[in-house]
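Visitor: Give me a model of this one.
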Amino acid sequence: MSDAALTLSEVNAFLRRDFPQLFSHGDLFSVTEIGAGTCQMRMAYHASQLRPGGTISGPAMMQLADVSIWIALLGAIGEVPLAVTTNLSINFLRKPEPRALISTCRMLKIGKSLAVGEASLTSEGYEHVVAHAVATYAIPPQK
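Guide: Residues are numbered from 1 along each chain as shown. Model prediction:
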């Protein structure tokens with residue numbers, strides 16, 4: 001992945017600085033790859049993510065999908081903190097075991113005011129997709 005508007009160190013520093021709530025349970029979130037409209041992000045496992053039945057909860061997977069697609073967008077347009085989610089749709093496909101999840105994202109379209117991207121979530125060490133998400137983001141007007 002190349003030609004990103006932000007480097008790995010810049011995007012991880014940005015998340016720590018502007019979104020400290022992502023790290024309330026420790027270093028759970030890290031961007032591992034970033035490109036111009038692509039991203040791979042890892043969410044480490046933490047017991048707070050579990051739901052009854054011993055699986056990673058839907059809200060935890062939705063958080064990973066939302067943040068990682070947003071990071072793919074920032075990889076294309078640069079650090080625009082006020083690009084916000086306007087829609088998120090997720091399909092839960094398999095029961096993820098209590099382990100780290102990997103989100104692999106790509107932007108499908110980036111316009112002047114809206115962008116659409118998708119994420120495939122897998123359990124670390126497994127190839128089968130456990131969830132698939134599509135999200136739309138509003139991009140604020142440039143000043």
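
Visitor: Contact partners for residue 78?
Guide: 5, 6 (CB atoms under 8 Å, 6 or more residues apart in numbering). (Each C-beta comes from the backbone N, C-alpha and C, glycine too.)

Visitor: What separation do you get for it and residue 36?
Guide: 10 Å (CB to CB, to the nearest Å).

Visitor: where exactly do the helices run in this protein?
Guide: Per DSSP state H, the chain carries helices over the ranges 8-18, 58-77.

Visitor: Walk me through which strands the helix-or-strand element of the chain with minimal mean pLDDT pairs with, and which way each runs.
Guide: Least confident helix or strand, the chain: strand 50-51 with a mean of 83, by mean pLDDT, DSSP states H and E. Under the criterion DSSP bridges, strand 50-51 sits next to strand 55-56 (antiparallel) in its sheet.

Visitor: Quick one: distance of the least confident helix or strand of the chain to the chain centre.
Guide: 19 Å (CA atoms, centre = their mean, to the nearest Å).

Visitor: And for stretch 118-128?
Guide: With CA atoms, centre = their mean, you get 12 Å for stretch 118-128.

Visitor: Could you list the buried residues of that stretch?
Guide: Across stretch 118-128, burial judged by 16 or more other CB atoms under 10 Å covers 118, 119, 120, 121, 122, 123.

Visitor: Pick the one among the residues you listed closest to residue 142.
Guide: The closest of the buried residues of stretch 118-128 to residue 142 turns out to be residue 118 (CB to CB; 25.0 Å).

Visitor: Identify the bridge partners of that closest one.
Guide: Counting by DSSP bridges, residue 118 is bridged to residue 106, residue 134.

Visitor: Touching, it and residue 136? I think so.
Guide: No: counting by CB atoms under 8 Å, residue 118 stays clear of residue 136, with 10.7 Å between them.

Visitor: could you measure the closest residue to residue 128 other than its chain neighbours against residue 61, distance?
Guide: Spatial nearest neighbour of residue 128, chain neighbours left out: residue 94 (5.9 Å); criterion: CB to CB, 6 or more residues apart in numbering. Taking CB to CB as the measure, residue 94 falls 11 Å from residue 61.

Visitor: neighbour count winner among these two?
Guide: Just comparing residue 94 and residue 61: by other CB atoms under 10 Å the higher neighbour count belongs to residue 61, 23 against 14.
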